[in-house]
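> Show me the folded form of this:
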Amino acid sequence: MKHIKLTYGNDGFKEIQKFLSENNKEGYTLSLYDMITQTTTEIECTFNEILPIIMQATNMEKDFPEWIGINELTKSYVVGLNFTRGRLHTLSNYKYVNGNLVEIE
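Numbers count the residues shown, from 1 in each chain. Modelled structure (predicted):
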């Protein structure tokens, strides 16, 4: 998996935006990798929704992303962060609907 380490803090979002613009993959979704439990949360979304979702997850979990990469096998962008609050459930699927993450049952 191709990935880059991010600057911790708000500058990391600029790095994410640059990474996404340089690696635009049609039809790819987003996986948030919880580095604490080593599990993922899968999110169905459009390319333009990826950065807002990452920012929302950062606010929900109170941690900045540490890296971003591409998983060609799952056709997804993968972002590593610590789910310190447990507001997002790992091993779950979400959709991004009207600016909100909605868990798919």
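> now the strands: where do they sit in the protein?
2-5, 29-34, 39-44, 67-71, 76-81, 92-97, 100-104 (DSSP state E).
> what does the fifth one contact?
Here strand 76-81 makes contact (CB atoms under 8 Å, 6 or more residues apart in numbering) with 1, 3, 16, 20, 23, 25, 28-35, 40, 42, 50, 54, 57-58, 61, 63-71. Backbone N, C-alpha and C define where each C-beta goes, glycine included.
> Restricted to buried residues, select those residues in ChimeraX.
Buried residues within the contacts of strand 76-81, by 16 or more other CB atoms under 10 Å, are selected in ChimeraX with:
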select :3,16,20,28,29,30,31,32,33,34,40,42,50,54,57,58,61,63,64,65,66,67,68,69,70,71
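> Not counting its neighbours along the chain, what's nearest L32?
Nearest non-adjacent residue to L32, counting by CB to CB, 6 or more residues apart in numbering: T41, 4.5 Å away.
> Columns mean pLDDT on top of the strands of the chain, output as CSV?
Shown next, in CSV, are these (pLDDT from 0 to 100):
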stretch, mean pLDDT
strand 2-5, 87
strand 29-34, 97
strand 39-44, 96
strand 67-71, 97
strand 76-81, 97
strand 92-97, 95
strand 100-104, 94
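> For V78, see how far away F47 is.
15 Å (CB to CB, to the nearest Å).
> Look at these two and report which has more neighbours.
The neighbour comparison of F47 against V78 (other CB atoms under 10 Å) goes to V78, with 19 against 15.
> so who does the residue of the chain most remote from its centre touch?
Each residue of the chain has a distance to the centre, and by CA atoms, centre = their mean the biggest one is for E105: 19.7 Å. Shown in contact with E105 (CB under 8 Å, 6+ apart): no residues.
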